[in-house]
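>>> A structural model of the following input is requested.
(one chain, ligands or ions: 2)
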Amino acid sequence: MSTNKSANRGEFGLIGWIQQQQNGDATHLALGIGDDCAIQQQLAQQDLLTSTDLLIEGVHFNRNWTNMFDLGRKAAAVNISDIAAMGGTPQSIFLGIGKPKTTNSEDIKAFISGFLAECKQFEITLAGGDTCSSNTELMLSITIQGTIDSGTAICRTGAQVGDAIYVSGTIGDSALALQLFQQGQLPDPYLAQRFNTPTPRIELGKKLAVNKLATAMLDVSDGILADLGHILSASKVGAKLELPALPLSTPFQHALANNKDLIDLALAGGEDYELVFTSPLHNLADQLQPDHKVVMIGTVTAGSDTIVRQADGSIYHCQQGGFDHFA
Ligand code: ADP
Ligand code: MG
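Ligands and ions are numbered 1, 2, ... in the order given. Model (predicted):
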């Protein structure tokens, strides 16, 4: 491990460096980095939540648009968001790195610094991982674990006809930033920040779970229509959405004023990492104020269709589908 002479070199040098950066004791861990397995103490009456994400250069990120520190933050944030989407508390994270020879160690260290900075905000411990070379692109594999009181996780299957549909924060910002980057333009700093360092909604998720306020929930990674669609098909229901109710940031609204087609980015653009959830309570937005900004965007209906209504009552047809890696 990191205690030998090679502490500054190679795979074990890097692992030793990672171990040094990961300071602070984690009460839930009996053993962290350094052995064959991490040991996590389990509390009675708690469920363990586990989620994994792969991040591949050129597919999930482009280093021209995202610096390595922010990439580290985002890599952690999108995983933390999966724990938020169940209503849980994140605890341990595991990081697999496949490093191409062309990626220097300073870049990897900047990535890890960003990763650990994001984890620190949520009191998450880097409990292990794997480090190897990659013959192609930079590859990152991240696994996160969290806990929740047994039986209280908010799954995708519980939406009921008549439930209100809510979304947190604003939507479309990240997709608009991506579109501008792809067009060779520099997005407004707010939009770029929404794309590069999304905010996992851990506190909102926990509040909804602890108080049993939501019947179904997920985080928006592939676009609100596609992601809400996952809740609807899992719950065997449909939805009616109100287009004018979609929460849009001021920079997004400015862009929309010049190009009304951008509304499709709010419906089908991914990577907002906001929470979408259903609830029998139709006044929840007020109840959650001022700590959490959520808006009601529609209702759950019988059937299986999603209908998007415009201000005049006519149906809006989104021209874009959500993101699908194999499409
Ligand atoms: P093994 O041979 O069992 O895979 P390693 O030598 O790869 O063990 O790893 C030694 C220790 O360092 C393990 O505790 C492992 O979890 C940790 N580790 C390896 N790579 C990383 C990484 N990228 N981030 C965090 N911990 C890591
Ligand atoms: Mg290993």
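
>>> Would you confirm that Gly128 belongs to a strand?
Yes. Residue state for Gly128 (DSSP: H, G, I helix; E, B strand; the rest coil) corresponds to a strand.

>>> Is it bridged to anything, and to what?
Phe94 (DSSP bridges).

>>> Tell me who's in contact with it.
Gly32, Ile33, Cys37, Ala38, Phe94, Leu95 (C-beta atoms under 8 Å, 6 or more residues apart in numbering). All C-beta atoms are positioned from the backbone trio N, CA, C, and that covers glycine.

>>> Between which two of the residues you listed is the distance greatest?
Cys37 and Leu95 (15.1 Å; C-beta to C-beta).

>>> Looking at these two, which is more packed in?
Leu95 (26 against 8; other C-beta atoms under 10 Å).

>>> Just the local confidence number for that one, please.
Among the per-residue scores, Leu95 holds a pLDDT of 97.

>>> Could I get the contacting residues of the residue nearest to it when sequence neighbours are not counted?
Counting by C-beta to C-beta, 6 or more residues apart in numbering, Gly129 is the residue found nearest to Leu95 once chain neighbours are left out, at 3.8 Å. Gly129 is in contact with Ile18, Ile33, Phe94, Leu95, Gly96, Ile97, counting by C-beta under 8 Å, 6+ apart.

>>> 6 Å instead?
Phe94, Leu95, Gly96 (C-beta atoms under 6 Å, 6 or more residues apart in numbering).

>>> got it, and Gln253?
Contacts of Gln253 by C-beta under 6 Å, 6+ apart: none found.

>>> how about it, secondary structure?
Secondary structure, three-state DSSP: Gln253 is helix.

>>> likewise Ala117?
Secondary structure, three-state DSSP: Ala117 is helix.

>>> burial of it, as a residue count?
16.

>>> likewise Asn67?
Other residues near Asn67 come to 15 when the count uses other C-beta under 10 Å.

>>> what's the spacing between Leu186 and Asn258?
For Leu186, the distance to Asn258 (C-beta to C-beta, to the nearest Å) stands at 16 Å.

>>> Have a look at the two and say which one is more surrounded.
Set Leu186 next to Asn258 and count neighbours by other C-beta under 10 Å: Leu186 wins out with 11 against 7.

>>> With adjacent residues omitted, what lies nearest to the more buried one?
Leu186's closest residue in space is Leu180 (C-beta to C-beta, 6+ apart), at 7.1 Å.

>>> go on, Gln287?
Looking at Gln287 with C-beta to C-beta, 6+ apart, the closest residue is Leu281, at 7.1 Å.
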